[in-house]
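A.B. asks: fold the following and give me the result.
(chains A and B)
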Amino acid sequence: MLVKIEEIRKAFEKDISSVKDRASLEELRVKYLGRKGQISSAFTLMPQVPAEQRKSFGQGLNILKNRIEQQYQALKASFEETSRDTGRIDLSLPGRKGFVGRKHPLVAVADEIKDIFRGFGFTVEDGPEIETDFYNFEALNIPKTHPARDMQDTLYITEDVVLRTHTSPVQIRVMQRQKPPIRMIAPGRVYRRDTPDASHSPFFHQVEGLAVGKDVTFADLKGIIQAFAHRMFGKDINVRFRPSFFPFTEPSAEYDFSCVFCRGEGCRVCKHTGWMEISGAGMVHPNVFRAVGIDPEEYTGYAFGMGIDRIAMLKYGIDDIRLFFENDLRFLTQF
Amino acid sequence: MRITYSWLKDYIHFEENPFALADKLTNVGFEVEEIIPLVQPFRGVVVAKVEKVSKHPDADKLRVCKVSDGKESFQVICGAPNVAAGQYVPFAKVGAHLPGDFKIKKARIRGIESFGMICSKEELGLEKQSDGIWPFDEKYPLGADVYQLLAEKQDYIYDFFITPNRPDCLSAIGIAREIAAITGLPLRMPKVNLSSVVSNHSHPLPKVTIEDSDGCPRYSARIIRNVEIGPSPQWMQERLEACGIRPINNIVDITNYVLMEYGQPLHAFDLRQIKGGEIIVRSSRPNEKFITLDDKERILPESTVLICDRERAVAIGGIMGGQNSEVSSTTKDILLESAYFKPTRIAFSSKKLGLSSEASQRFERGVDPNGIMEASDRAAALMAELARGEIDQSVTDVYPVRIEPKSIRFRPERINRVLGSHIAEDKIVTLLEGLGLSIKGGFVTVPTFRVDLSQEIDLAEEVARLLNYANLPTHHSVQIRYDLEETSSDRLLAFLRDELIHLGLQEVFTNSMLKESEAELFQNGKNIRILNPISDDMTTMRPSLLPGLLKAVAYNVNRNMSDGRFFEIGRIFTNYQENELPQQPYALAVVITGRRYPESWNNPQEVVDFYDIKGYVENFLSKIFLDNFHFILYDKDSYMAKGETISIETGQHRIGLCGKISPEIVRFFDVNQDVYGFELNIDLLAGFLNQSRPYKPIARFPYSERDMALVVDQSVPAEEILSFIRRTGGKLLHFTDVFDVYEGDKIPAGKKSLAIRMRFQSMEKTLSDKEVDKIFHKIIKECGKQFQASLRK
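C.D. replies: You can find the predicted model right below:
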């Protein structure tokens, strides 16, 4: 039986001398050291070996196995050595890149807002940016003599056509064409006659919200704003409502969120008040319902607004609104 | 509006400290925007006595003083003319810290040492400008800390934001009335007792005629004689200054004081200047001129309410008095006006005149027509008290049609329905009565000072704000309807935007208002101009997104970021017609400039050209599933470069242009490198997007390829050859494209060689070489005939 060991050794010596590459080295390993390889199968012959030879057969086979193992490892190492020398690449060099596209930060924020409200069952609506006096003011219970109509605030195309000063005209357009129930938001660009500075831009972006139904209440308004605040900025954000005045809502409110930076503790960003003013809201004024032919005795509704730019500024700690419209790549590529 | 904390205490005995009160007022709708302490903190200033004053040997205007704080004496140099021995003064020692971060150090002034400073009120932050040092009226204990002395009398200025619906709260009493409603404490109005100060002489009543009773429903006039003009008392001046009103003299100050107290604007005329002692209220005539008391001559808008005497105008009603009749230092007798003007008339004139005053701001929002005599009495009493005036017994009060309190329907259940609350009826009644409203038989009577309450819904707000919005219920769930239909193009825009981003383009937002010259370059029709633009840079609505994008390119290129891949989605404004809204379609535009690949060790250094932008447009249109579009050469004069621009067409419509932006235009925007771009009208495009797209089966059999190089005239467009091949190849030709173009000396001049690959494929079987070659040779032959093409050897 020892002859068998010698056979395997000779065959191996012959095979290893013809190994030229990693593939044939691997074949060699499988042939001799694999689970069904020559060494393993030789061990299976053990029971047939006469008892007095078994010990030397086993020892001889083990010695051969170790020898093959050593030769195999040595050859393997030498192959690796060669490949590192010849096919070496510097993996630390930057990869081959193309240009990367990104959303404008205001779009990213508007998308988030739309996502949240669509989840609350709101539809997304739209309206023209150049509007008639009727939609921008008259139907919203802002008569000709109202102080908000001062030339200071509104940009006019003609005496009767304006650049919309808010997204509220979309409320009117939707209520005109759709019967209650209505649950909608309307994001879009609005215009004011403001000289640009860090906190003013002559054009900026708002989201209008409106819900009309048989039992829509101020309590629902408080609920939706709170739910929005929690989704947008986290569960620990508090919401505060303060009485205010808008001609198209009654009761009217200003709403504030606890500061998203200090979480209400008071910091530089919130001027140590712990609060950040967000925007206005209220119950749809009966005069607005009358202007679109909805019976205020039958239906009630709430409306709210919020500034997309303002929320984006809060979210990212941006202190100059003009950054959004300068389109500096060093700014835009951060979002 | 500014009012001090202590002033409010004149009318109501509340307990709240200044900050707690501000919170409460904010919670009921009177936002305190700022709380300003009257005394700014400072330290190191003590009461000292001036012991000796002598002239500075080297300066005429300086004095060398010796002051004592009771323990020590100090030598100080003082420049104030009013310093005198014996005065008790605020003395800032060396090391003192004054408002405005001003530290006192030892100094040497013209050779003489000075150890500290005798302070003026200005230096202590107590007034804007002082004429000299501040000698105390009282002999305070020497060495006492001056800040501590003042802080005992510390007061706070509230800067309120009063919403335009609440003119009644543009006054101290108005705010106090709200505090009464919140706290339930009684309001104590100023005691005005005229009986003791009314003169016994019987003078004729001032005659008042109202010709314009629309503009002026009520006018009262009374006369106060023999006033002594002089400064008003310190306390009054301080309160007016805290409100931001400049003290002038006792009479004018009293009218302003009562304005801030009651919210009723008053006007004091010098009776001597009122010709005939008679007042006529009329509308202005066309082009009438008037000099207001700020010495400006103004042309009055038509139907401005004018206050006149027998001969001339003496005031613009409710807006501003006239120079010709103002109170001066020689005034003896006063005619005091207290009137009610119609809000819309005042608003109109004030806007047209561009003249806004404390008076006009209140009248245009609405004062209490039934409160004017109370304010007049208060002012008259103060004139008697503070200017030794004698008040004529009678008052002329012309009020032909009394303005009655409004009555509003009142249903507590309606209020609860709007608020989503269950507030008990008696609670609601108590709250409303606390505001001075009276309730009877399902109706609420509203006092005339509350101009904002006119409908039932207004009562809901009153109840809500007095309860505090925070205490009203909040609903955490609602029923949602599934059948609401979304009508906007928002999802389409989001889809298009995503595809553009995937192509590696950066989104930008640009101004929709352009300089006229910028808009003009991209204009097809008539400019849409803004009547009252903010500046010359923003006069015209954008007819295209390209100018904004070019500005974004310029901004970045000029800051050494010269590789740009930008897009914008937004409305453009076109086709303006009189009396109609302009068309405002959504558009999308892309511009690219600079390198083809980002600068990197392993990217080639190449700049973009026409085929880059065409590639973008092709990729984009295929990604958004626009069916049946084609390109045609666009060769007109425009903002696009001639010869490098194509029109993107679908059906009969041009949906946009694509190519090189005209170099002249690019230079106009201050960019000195090539810019390529395209712009598409989304509203037009939307109609051609393929909404239902069943999938096409995939061939199960191998395809065969054939290549050929066709030599044709340079002028033959490749697309023409390709579409000819497609037609000729029939349905087994699955795909064809140009994979190389050669022009050069290996082929005849004026020719180009197009290497074209064709892929043949059958859905039913594997095509044999024979079948493929048959079609291939037919294509070669037909191309040869059609384009005079030969195969390149």
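A.B. asks: tell me the secondary structure for the residue of the stretch 1-150 of chain B found nearest chain A?
C.D. replies: When scored by C-beta to the nearest C-beta, the stretch 1-150 of chain B has B:Gly29 as its residue closest to chain A, at 3.3 Å. (Glycine included, C-beta is placed from N, CA and C.) Under DSSP: H, G, I helix; E, B strand; the rest coil, B:Gly29 falls in the coil class.
A.B. asks: and the helices in the stretch 1-150 of chain A?
C.D. replies: A:2-17, A:22-33, A:38-43, A:51-86, A:105-119, A:133-136 (DSSP state H, counting those that start in this stretch).
A.B. asks: turn those helices into TSV, columns for distance to chain B and mean pLDDT.
C.D. replies: As requested, the helices of the stretch 1-150 of chain A are exported to TSV (distance: least, C-beta to the nearest C-beta, whole Å; pLDDT from 0 to 100):
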stretch	distance to chain B	mean pLDDT
helix A:2-17	40	82
helix A:22-33	28	84
helix A:38-43	44	83
helix A:51-86	21	78
helix A:105-119	6	97
helix A:133-136	10	95
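A.B. asks: contacting residues for residue 136?
C.D. replies: Just so you know, I chose chain A. If a contact means C-beta atoms under 8 Å, 6 or more residues apart in numbering or on different chains, then A:Asn136 has A:154, A:162, A:164-166, A:168-169 as its contacts.
A.B. asks: actually, chain B is the one I wanted.
C.D. replies: B:47, B:87-90.
A.B. asks: who touches B:Gly570 in this structure?
C.D. replies: A:189, B:509-510, B:512, B:545, B:586-587.
A.B. asks: ramachandran coordinates for it?
C.D. replies: Phi and psi for B:Gly570, reported as degrees, to the nearest 10, are phi -180, psi 180.
A.B. asks: buried residues in the helix or strand of chain A with the lowest mean pLDDT?
C.D. replies: Every helix and strand in chain A was compared by mean pLDDT, DSSP states H and E; the lowest is helix A:51-86, with a mean of 78. For helix A:51-86, burial by neighbour count (16 or more other C-beta atoms under 10 Å in any protein chain shown) applies to A:57, A:60-61, A:64-65, A:68, A:71-72, A:76.
A.B. asks: how about the residues you listed in a markdown table, adding distance to B:Ala554?
C.D. replies: Converted to a markdown table, the buried residues of helix A:51-86 look like this (distance: C-beta to C-beta, whole Å):
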| residue | distance to B:Ala554 |
| --- | --- |
| A:Phe57 | 88 |
| A:Gly60 | 86 |
| A:Leu61 | 82 |
| A:Leu64 | 79 |
| A:Lys65 | 76 |
| A:Ile68 | 73 |
| A:Gln71 | 71 |
| A:Tyr72 | 67 |
| A:Lys76 | 61 |
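A.B. asks: which one of those residues sits closest to B:Ala494?
C.D. replies: Nearest to B:Ala494, judged by C-beta to C-beta, of the buried residues of helix A:51-86 is A:Lys76 at 55.7 Å.
A.B. asks: contacting residues for the closest one?
C.D. replies: So A:Lys76 contacts A:Leu25 (C-beta under 8 Å, 6+ apart).
A.B. asks: would you check how far apart it and A:Glu26 are?
C.D. replies: Plainly put, A:Lys76 is 9 Å away from A:Glu26 if you go by C-beta to C-beta, to the nearest Å.
A.B. asks: do B:Cys78 as well
C.D. replies: Distance from B:Cys78 to A:Glu26, by C-beta to C-beta: 102 Å.
A.B. asks: more neighbours, those two?
C.D. replies: Higher neighbour count among B:Cys78 and A:Glu26: B:Cys78, with 24 against 14, using other C-beta atoms under 10 Å in any protein chain shown.
A.B. asks: now do the contacts for the more buried one.
C.D. replies: Contacts of B:Cys78 (C-beta under 8 Å, 6+ apart): B:53, B:62-63, B:65, B:117-118, B:133.
A.B. asks: out of those residues, which are inside strands?
C.D. replies: Here DSSP state E is the test, and the contacts of B:Cys78 give B:53, B:63, B:65, B:117-118 as lying in strands.
A.B. asks: of those residues, closest to A:Cys259?
C.D. replies: Using C-beta to C-beta, B:Met117 comes nearest to A:Cys259 of these, at 41.7 Å.
A.B. asks: quick one: the closest one and B:Lys105 touch, right?
C.D. replies: No - using C-beta atoms under 8 Å, B:Met117 and B:Lys105 do not qualify as a contacting pair, with a distance of 9.7 Å.
A.B. asks: show me what from the stretch 551-700 of chain B comes close to chain A.
C.D. replies: Neighbours of chain A within the stretch 551-700 of chain B, by C-beta under 8 Å from any C-beta of the partner chain: B:551-552, B:555-556, B:559, B:561, B:563-566, B:570-571, B:573, B:581-582, B:584, B:597-598, B:600-603.
A.B. asks: how far away is B:Thr209 from chain A?
C.D. replies: Applying C-beta to the nearest C-beta, to the nearest Å, the value for B:Thr209 to chain A is 27 Å.
A.B. asks: quick check: that residue is in a strand.
C.D. replies: Yes - the assignment for B:Thr209 is a strand, going by three-state DSSP.
A.B. asks: that one pairs with what?
C.D. replies: B:Ile280 (DSSP bridges).
A.B. asks: for the closest residue to B:Ser213 other than its chain neighbours, what are its contacts?
C.D. replies: Spatial nearest neighbour of B:Ser213, chain neighbours left out: B:Pro400 (6.0 Å); criterion: C-beta to C-beta, 6 or more residues apart in numbering or on different chains. By C-beta under 8 Å, 6+ apart, the contact list for B:Pro400 reads B:210, B:213, B:217.
A.B. asks: tell me where the stretch 301-450 of chain B has strands.
C.D. replies: Counting by DSSP state E, counting those that start in this stretch, one finds strands in the stretch 301-450 of chain B at the ranges B:305-308, B:313-316, B:320-321, B:334-340, B:390-391, B:396-398, B:406-409, B:438-440, B:443-446.
A.B. asks: and the stretch 51-200 of chain B, by the same measure?
C.D. replies: B:63-68, B:73-78, B:88-98, B:102-103, B:107-109, B:112-114, B:117-118, B:156-161.
A.B. asks: now render those as CSV, adding mean pLDDT.
C.D. replies: Shown next, in CSV, are these (pLDDT from 0 to 100):
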stretch, mean pLDDT
strand B:63-68, 93
strand B:73-78, 92
strand B:88-98, 93
strand B:102-103, 90
strand B:107-109, 89
strand B:112-114, 91
strand B:117-118, 94
strand B:156-161, 95
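A.B. asks: which stretch among those strands is buried most, on average?
C.D. replies: Across the strands of the stretch 51-200 of chain B, averaging neighbours per residue (mean count of other C-beta atoms under 10 Å in any protein chain shown) puts strand B:117-118 on top, at a mean of 26.
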